[in-house]
Each structure stands twice: as structure tokens, then as C-alpha cells.
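Novice: my questions are about this predicted structure, shown below with the sequence.
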Number of protein chains: 4
Amino acid sequence: MVFEPAFTEGLVDIFERRIVFNQVLGLRVTEVLPDRVMGGLEMRPELVGHYAYNRVHGGVISACLDALGGLAVMAAMGARHMDESVEQRLQRFARLGTIDLRVDYLRPGIGERFVLKAEVLRLGSRVASTRMDFLHTNGTLLASAAAAYIVS
Amino acid sequence: MVFEPAFTEGLVDIFERRIVFNQVLGLRVTEVLPDRVMGGLEMRPELVGHYAYNRVHGGVISACLDALGGLAVMAAMGARHMDESVEQRLQRFARLGTIDLRVDYLRPGIGERFVLKAEVLRLGSRVASTRMDFLHTNGTLLASAAAAYIVS
Amino acid sequence: MVFEPAFTEGLVDIFERRIVFNQVLGLRVTEVLPDRVMGGLEMRPELVGHYAYNRVHGGVISACLDALGGLAVMAAMGARHMDESVEQRLQRFARLGTIDLRVDYLRPGIGERFVLKAEVLRLGSRVASTRMDFLHTNGTLLASAAAAYIVS
Amino acid sequence: MVFEPAFTEGLVDIFERRIVFNQVLGLRVTEVLPDRVMGGLEMRPELVGHYAYNRVHGGVISACLDALGGLAVMAAMGARHMDESVEQRLQRFARLGTIDLRVDYLRPGIGERFVLKAEVLRLGSRVASTRMDFLHTNGTLLASAAAAYIVS
């Protein structure tokens, strides 16, 4: 199955613009598939967490991974409810909430650009579980995360 | 025991200014004790995560709690190494790193100002474990977290 | 408010006997209050995880803390639904499930007897969040945990 | 590279027999590679967590995944220190400890036999991070976990 452009564009609009803090982060959505979403992030001086190494702040990583996990859940719900209008499926975002998030910081977040990946491990009727990765553009895994979301 | 003003001011300088992303968040350090640190955060439009409810972004919460947990570890290490100079104790920050973080989002982060609290559950020679809370100014617990840090 | 003995005894029966693996662990329920539950565990050779130190297995700790968090949720739901019969409230256990669990192992689990404590941080209509501690009988915190449960 | 049989057998002996609680669980080691280890578990009445569904106890899952993550770290350290004797590499187990563990319970643990998988995401000089899966024999992912271990 393939998403209508209006659905994908709607999701990108929500995640890149309407969630204001994602704009502050500079989070970009690069791919929206029913079972996987991808994103990107450019390094900028505002995102520095450790001045000694010009390392991206751990909070930037966790914020981006939490957002991308939520996007993956929205995509999976969008795929499950293709009988609904684009508008109805996008409105499901209003009822999405993160229950909890775990992030493992594996390697220093040093780079000019980062790649983000999220997949839904299980989409239930009330809870969705996701797994997310934060990678260097050369493919090195810098951080890995898991989260649970309330859905409806 | 009481910290020298130079040590406390040095920590505040690191956490409020030198960690640039903490400045973007607007994180304030309000208390630094050997066994507990406190912080504050003002709500601002840039921090919004859910436009429908003017809710603070979960990533803001996790970033602040990660930072405050790190501050609590710095304070606990500062208390353990009072034989070192202020400069030496502050330089320990360069070797501090978050291993992992878990955040439980309990209630919507809606408010004009938030209070943050962090305490060290255990400070080992290589790993420190912390527990953090994100509260409404009326005392309601909005999010709770745990993290492990590498220290040396 | 105070629970009827039949409700408390019903919970103890579920958690000490009907959950067979809790019997294998030797988990004891020692207190059931609406906002906090307590338990106990005797050290036995079968529970050893690290033969070099006669340390209790991390899995014993996580299993006990997961169980006790579930008990705390059952108690909190019992208190919220005092209008239901004891039987109805106990049957809510059938719909309880752990979403996820995080355990921080702080200090070696060495001792003859351990004390467990769990409290509900938030009881929602669909999800409950808990915090649990695993302590030495002398009060030292050996492990700390957080979990989310699906409820209904 | 390939492990000497004595090393693999030594690890199996530690994880299947000397860790007594793993014996109580019935955990079996089925494969030990430098970058991935596999295990198996037979369902038995003692392992039941939810009598209504004959479901395996969440604590059994977390205990097995914690153990298997530790085994993966031992294998990765074994591969890194091939210059050491088998005995020296096996003795590294004495200094291995779980820092923390997160388990996501995705689907009911119902089945006659389960498959376990663990891989090391990063092996540092002081901390190792792992990812683990608990699967039905038909390949369905039932639970997923992440853990950090102290190593030396």
C-alpha cells in the first residue's frame, strides 16, 4: 500500500512545523512508510551539549527520537485506517501521547548531519511500541531508543 | 558540608550558559546541594510539542531532566572530592557522559513554569545513577526519570 | 479508606499463590494500601545469580519488582472502584498487563532477606505508571524500577 | 574468528549451570558468536505469570533477557581479548554487572518454546550496551529489551 501525498504532506507539516520545538531542533522528515519512517538533522551551534567536543546535546537526540517514534506510530495508524479520510487520520495525532521513552547513548554525537530511523514493533488498539535509531551519516549507530505511546 | 560559591557558580555557568542547548531550553539552576539539585523552566512558545494543548514538548522534558541528572552527579562528585581545587572538580564535567535515560510522561506538561529536581541514587567510581522529577509549580508530578552516567 | 479483608486476601492469594512463578521466587506480600504496597523476599540458593558473591540474580529482582508494581496498580484500582464487589475488583487482574519495565541495579543484592516497595505515580483509565524499590532489610536501596501497565 | 570449544563450553557452563537461577528458569544457550548469542526456553507450569492465559511471567522474560545480554557481552569481550587464555576470558564474568535493563512486553508470552537473541550494540572499556529479543518459535517478537553492563 502507498499513502496519498496529502496524508504524507500533512504528517510532514505537523512534525516539521506545527510541533514548534521540532522546528527549533531542525528535525526533517525524509521518508514516511507504513512500517518505517526516516528523518534527518543538521548540526548547528545551538544544539551543542558538550562544548569541549562540539557534541550534540543528549536532549536533542532524545527529543528527535521521541518525535520520530510518534511519527512512526502516526504512519502505522494511517496505514491501518485507510478507510478513513486523510483529515480523520491526521486528527488522530491529537490523541497521541508518549507514555515513556528510553534512550541509550552509545557513541558521541559528533557530525555535521544525522540520520534518524523509527519503526513500530507493535501497534495495539491502546498502546504502540517503537524502536528508534540515531545514526551518523556514515551509518554508525550513535544512539538507540525504545518508546511506548498511547493511541486511540 | 557546603560548596564554595566559586564551585556552585562554575556549575551554574556550565549548565546555564556553556551547554548551549540548555540556553535554548531556558533551563535555570536554582539549588545545588551535595545530594540534590533543583532547576526551573519557563514555558515559551518555542517549547510547544502539542499545538492542540499548548503542551511542552516531551523532548524538552527529557533534555531538561538529562541535564539536571548530570548536574546532580557533578554536585555529588564535587562533594566527594572536596580535597581537589574548584577548577579540578569542574573539569570532571569533561569526562561525564549519559549512558542511558528513561522518562515516564505521567501528565500533560501544561503550565507557565516548571520545577525540576534530581538526586543521585548511587555514585560509584565508574557509574552514577540518578532519579529526576519534572513538576508543575503546584507540586503535581508531570514526568519522572532515571538515568545512568559514566563518571571518572 | 480501608480495604475489606476479602479484597486484601484475594490479592495476596493471586500474587503469592496463583501467579506460580511468584511462588518459585518466594515473593511475600506484607502490606496492601491504596497508595503503596510492600513485599518481602527470603534469599535462597536457587535465587543466586552470581556464584562468586552469592548475589541474588538480577532477574529475581526485576521479576519481584514487576510483580509488586502490578500489585500496587491492583490496589490503586481497588481503591478507585470501591463501588464494585470484591470479586469484580479482583477480576480486573485478568486485564492487567505490563507494557514495559526499567530496573536500575544500584548495589549488589546480597542479604538474607529483602524488602520491596511499590507506589503508583499515576493511575489513568488506560495506563498506570509505578515506581518500585528493592531494599536490604537495613534500608539500603539495592535496585530501583519504573514500569507502565495497561489497565481497564 | 571462531571461539575455541573450551571458551564456548565454559560460557555455557556458567550460564546454564553455575548461575543457579538460570537453571531454575531452564535457560539454554544455543549459539555463541562474537557478535550475537542465541538461547532457548521451554514453557513449564512453574514459569506461569498469568493463570488465566497460561502466559509466561514477565519476570521470566526479563530474567532470561538480562542473562542473555550478559552472555553477549561475555562473547564480545572474549572476541576482543583472544590474546588472553580461555580461563582469563571466562574470569571476566566475575567483574560483569548489569547497570540497568529495560524490557518492552509486546505480545502475550504464550507458547511451548521460546527463542532468545542478544547482540552488543557497543562494547566500551567500561560499559557495554546490548539489545535483546524474546521470540515465539514462529518468529513473532514477544518482547524486546535493552541493557547496559559494567565491564572491565
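Specialist: It's in. All of these numbers come straight from a predicted model, not from anything done at the bench.
Novice: the residue of chain A positioned farthest from its centre - nearest residue in space that isn't next to it in sequence?
Specialist: In chain A, counting by C-alpha atoms, centre = their mean, A:Ala52 sits farthest out from the average C-alpha position, at 27.9 Å. Nearest non-adjacent residue to A:Ala52, counting by C-beta to C-beta, 6 or more residues apart in numbering or on different chains: B:Ala94, 4.9 Å away. C-beta here means a position set from N, CA and C on the backbone, and glycine is covered the same way.
Novice: near chain B, which residues of chain A? Just list them.
Specialist: A:18-22, A:24-25, A:45-52, A:57-60, A:62-64, A:66-67, A:94, A:97-105, A:108 (C-beta under 8 Å from any C-beta of the partner chain).
Novice: quick one on the thing from earlier: against chain D, how distant is the residue farthest from the centre of chain A?
Specialist: Going from A:Ala52 to chain D by C-beta to the nearest C-beta, to the nearest Å gives 18 Å.
Novice: what distance do you get for that residue to B:Glu4?
Specialist: 23 Å (C-beta to C-beta, to the nearest Å).
Novice: and what of A:His50?
Specialist: For A:His50 relative to B:Glu4 (C-beta to C-beta), the value is 24 Å.
Novice: now do the contacts for A:Ala79.
Specialist: A:Met1, A:Phe3, A:Pro34, A:Asp35 (C-beta atoms under 8 Å, 6 or more residues apart in numbering or on different chains).
Novice: can I get the residues you listed in CSV including distance to C:Arg113, neighbour count and pLDDT?
Specialist: Formatted as CSV, the contacts of A:Ala79 follow (distance: C-beta to C-beta, whole Å; neighbours: other C-beta atoms under 10 Å in any protein chain shown; pLDDT from 0 to 100):
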residue, distance to C:Arg113, neighbour count, pLDDT
A:Met1, 57, 7, 83
A:Phe3, 57, 19, 96
A:Pro34, 52, 17, 94
A:Asp35, 48, 11, 91
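Novice: hmm, back to that, looking at A:His50 and B:Glu4, which is more packed in?
Specialist: Using other C-beta atoms under 10 Å in any protein chain shown as the criterion, A:His50 and B:Glu4 rank with A:His50 on top: 23 against 13.
Novice: does the more buried one really touch B:Arg18, like I thought?
Specialist: No. Using C-beta atoms under 8 Å, A:His50 is not in contact with B:Arg18, being 9.1 Å away.
Novice: before we move on, the earlier item: of the residues of chain A next to chain B, which belong to strands?
Specialist: A:Val48, A:Gly49, A:His50, A:Gly97, A:Thr98, A:Ile99, A:Asp100, A:Leu101, A:Arg102, A:Val103, A:Asp104, A:Tyr105 (DSSP state E).
Novice: quick one on the thing from earlier: please check the residues of chain A next to chain B and keep the buried ones.
Specialist: A:19-22, A:24-25, A:47-50, A:57-60, A:62-64, A:66-67, A:97-105 (16 or more other C-beta atoms under 10 Å in any protein chain shown).
Novice: could you list which of those residues also contact chain D?
Specialist: Counting by C-beta under 8 Å from any C-beta, the members of these near chain D are A:Arg102, A:Asp104.
Novice: do I have it right that A:Arg95 meets A:Val151?
Specialist: Yes. Using C-beta under 8 Å, A:Arg95 is in contact with A:Val151, at 7.1 Å.
Novice: pick out whichever of those two has more residues nearby.
Specialist: Under the criterion of other C-beta under 10 Å, the comparison of A:Arg95 against A:Val151 puts A:Val151 first, with 21 against 11.
Novice: excluding chain neighbours, give the residue nearest to A:Ala67 in space.
Specialist: Per C-beta to C-beta, 6+ apart, closest to A:Ala67 is A:Asn22, 5.5 Å.
Novice: run through the residues that contact the one you found.
Specialist: A:Asn22 touches A:Phe15, A:Glu16, A:Ala63, A:Ala67, B:Gly49, B:His57, counting by C-beta under 8 Å, 6+ apart.
Novice: in helices, which of the residues you listed fall?
Specialist: A:Ala63, A:Ala67 (DSSP state H).
Novice: reformat the contacts of A:Asn22 into CSV and put distance to C:Val29 next to each item.
Specialist: Formatted as CSV, those follow (distance: C-beta to C-beta, whole Å):
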residue, distance to C:Val29
A:Phe15, 45
A:Glu16, 50
A:Ala63, 40
A:Ala67, 41
B:Gly49, 39
B:His57, 40
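Novice: in the contacts of A:Asn22, which has the lowest confidence score?
Specialist: Least confident entry in the contacts of A:Asn22, by pLDDT: B:Gly49, with 89.
Novice: report the separation between that one and B:Met82.
Specialist: Distance from B:Gly49 to B:Met82, by C-beta to C-beta: 41 Å.
Novice: just so I have it, where are all the helices in chain A?
Specialist: A:5-13, A:20-25, A:58-80, A:86-91.
Novice: by how many degrees do the third one and strand B:97-105 diverge?
Specialist: On the basis of axes from the mean of the first three to the mean of the last three C-alpha atoms, to 10 degrees, helix A:58-80 is oriented at 50 degrees to strand B:97-105.
Novice: tilt between helix A:58-80 and helix A:5-13?
Specialist: Going by the same axes, to 10 degrees, helix A:58-80 makes 160 degrees with helix A:5-13.
Novice: so how far is helix A:58-80 off the chain centroid?
Specialist: Relative to the centre of its chain, helix A:58-80 is centred 3 Å away, using C-alpha atoms, centre = their mean, to the nearest Å.
Novice: one more: stretch A:77-86?
Specialist: With C-alpha atoms, centre = their mean, you get 19 Å for stretch A:77-86.
Novice: what's the answer for stretch A:5-14, then?
Specialist: Using C-alpha atoms, centre = their mean, the offset of stretch A:5-14 from its chain centre is 14 Å.
Novice: then it to CSV, C-alphas only?
Specialist: This file holds the C-alpha atoms of stretch A:5-14, laid out as CSV (Å, rounded to 0.1, in the frame of the first residue of the first chain):
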residue,chain,number,x,y,z
PRO,A,5,0.5,12.6,-0.9
ALA,A,6,-2.0,14.7,1.2
PHE,A,7,-1.5,12.3,4.1
THR,A,8,2.3,12.3,3.9
GLU,A,9,2.4,16.1,3.5
GLY,A,10,0.0,16.5,6.4
LEU,A,11,2.3,14.5,8.6
VAL,A,12,5.4,16.4,7.5
ASP,A,13,3.5,19.7,8.2
ILE,A,14,2.6,18.5,11.7
